[in-house]
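Engineer: Build the 3D model from these lines:
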Amino acid sequence: MDTPRQLAVLLLPPCSMFGIGCLNEPFAQANRLSGKKLYQLSFYTWDGEPLPLSGGMAFPVAGALREAAPFEQLFVLSEGVASFADSGLFTSELARLAPRLALLGGVHAGAWWLASAGVLDGYRATIHWQDYPRFADRFPKVVASQRVFELDRDRFSCGGALAVLDGALALIGRDHGAELVESVAAALCAERVRGSEEKQRVPLLARVGERQPKLTEAVMLMEANIEEPLTTDEIAQFTGQSRRQLERMFKQHLDVPPSRYYLQLRLERARAMLRNTGKSVVQIGLLCGFSSGPHFSTVYRSHFGIAPREERFANESKPADAE
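Structural biologist: This is a model prediction of the structure:
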């Protein structure tokens, strides 16, 4: 690529420096590590004024979006849905720009604005899990998902925060391949890169409420002991209840016995490692608490309908923008 890909980022309050950095830094590292100017990011606000950040500072921008130099891709970044005086004009501008862009993206709550403009109708799109219920209800023509990010044809959306990093790496991979993605992830100390098939992790408290501290404690124990799983009796003992009480609590609030929930956690961890690390199947099985490679493969196939080696092969052979 002789000239850098021009990416415009429209910032709508509220925003944080962390959110901006999660979008900017992967592309900046791609430029540095490749030794080429692959991407040029330019930041704008709707009115051209510096953006007030959540920490009290102001983020300088290149100007107003309507005065922007030509760009191929546009990302709308906002960490909340707050209407402003020109909301109607803004959504009309998004609808006008959409057919001309190679990619139009919504970051965190940015997807809400894209949906409001009608440019996500018929597309898969995601949003931060806190906004998902009303997003799915408000925009029935959008194929709403709870994945960390979605890349559907010429539309991109992600749930915000660290999901922005995953989504940006996917875009870099689509443009320049897996080797550069691995280098960028390593430079950013990203332990693993999540694919678009992974769902956002909704905190247990958001699902069961604050009145179930023993359930939350039990799940935290499970998550902290993947390699050497605890027994159900041990979890009950550590949380100060009987085995029967523990099993009844899991069945009532999560609709599965604790042993099954624990197994699902271990298998999900194993699937993430198969997709995002170079460790062998046997190593992954042991790290996720399975006694042997054959035992791990049998349980994995029973749960996911595919063997661990097949999972890895399917993920390696999948195109970067496929879904």
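
Engineer: In which helix or strand does Ala125 reside?
Structural biologist: Ala125 is part of strand 124-126, with elements assigned from DSSP states H and E.

Engineer: Mind listing residues that contact that strand?
Structural biologist: The contact list for strand 124-126 (Cβ atoms under 8 Å, 6 or more residues apart in numbering) reads 106, 111, 114-115, 132, 142-150, 152, 155, 157-159, 200, 323. C-beta coordinates here come from the backbone N, C-alpha and C atoms, glycine included.

Engineer: Repeat the analysis, applying 10 Å as the threshold.
Structural biologist: 105-106, 111-112, 114-115, 119, 132, 135-136, 139, 142-153, 155-160, 163, 167, 196, 199-200, 323 (Cβ atoms under 10 Å, 6 or more residues apart in numbering).

Engineer: now stretch 47-55
Structural biologist: 11-20, 43-45, 57-68, 77, 79-80, 84-86.

Engineer: Out of the residues you listed, which end up buried?
Structural biologist: When the contacts of stretch 47-55 are checked for burial by 16 or more other Cβ atoms under 10 Å, the buried set is 11-12, 14-16, 19-20, 43-45, 61-62, 65, 68, 77, 79-80.

Engineer: just checking, which of these belong to helices?
Structural biologist: Gly19, Ile20 (DSSP state H).

Engineer: Can you name the next helix or strand after the helix or strand of the chain with the lowest mean pLDDT?
Structural biologist: Lowest mean confidence among the helices and strands of the chain (mean pLDDT, DSSP states H and E): helix 204-208, at a mean of 61. Following helix 204-208 in sequence order, the next helix or strand is helix 213-224 (DSSP H and E).

Engineer: ok now do Pro26, which residues does it touch?
Structural biologist: By Cβ under 10 Å, 6+ apart, the neighbours of Pro26 are 39, 164-172, 181, 184-185, 187-188, 190.

Engineer: Just the ones in strands from these, please.
Structural biologist: Secondary structure assignment by DSSP state E places Tyr39 of the contacts of Pro26 in strands.

Engineer: of the contacts of Pro26, buried ones?
Structural biologist: 39, 164-172, 181, 184-185, 188, 190.

Engineer: What number of residues are in the vicinity of Ser242?
Structural biologist: 11 (other Cβ atoms under 10 Å).

Engineer: give me phi/psi at it?
Structural biologist: phi -80, psi 160 (degrees, to the nearest 10).

Engineer: Please name the nearest non-neighbouring residue to it.
Structural biologist: Distance criterion Cβ to Cβ, 6 or more residues apart in numbering; nearest residue to Ser242, sequence neighbours excluded, is Ala236 at 6.0 Å.

Engineer: Touching, that neighbour and Leu215? I think so.
Structural biologist: No - applying Cβ atoms under 10 Å, one finds Ala236 not in contact with Leu215, separated by 12.0 Å.

Engineer: Now for these two: what residues contact both?
Structural biologist: In contact with both Ala236 and Leu215: Leu246, Met249, Pro258, using Cβ under 10 Å, 6+ apart.

Engineer: Redo those as JSON lines? Include secondary structure, neighbour count and distance to Leu287.
Structural biologist: Shown next, in JSON lines, are these (DSSP: H, G, I helix; E, B strand; the rest coil; neighbours: other Cβ atoms under 10 Å; distance: Cβ to Cβ, whole Å):
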{"residue": "Leu246", "secondary structure": "helix", "neighbour count": "21", "distance to Leu287": "25"}
{"residue": "Met249", "secondary structure": "helix", "neighbour count": "19", "distance to Leu287": "28"}
{"residue": "Pro258", "secondary structure": "helix", "neighbour count": "23", "distance to Leu287": "21"}
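
Engineer: which one of these is nearest Pro4?
Structural biologist: Pro258 (52.3 Å; Cβ to Cβ).

Engineer: Please verify my assumption that the closest one contacts Gln252.
Structural biologist: No - if you go by Cβ under 10 Å, Pro258 and Gln252 don't touch, sitting 11.7 Å apart.

Engineer: And the residue located most distally from the centre of the chain, how close does it get to Leu230?
Structural biologist: Taking Cα atoms, centre = their mean as the measure, the residue most remote from the mean C-alpha position of the chain is Ser242, 37.2 Å away. According to Cβ to Cβ, to the nearest Å, Ser242 stands 16 Å off from Leu230.
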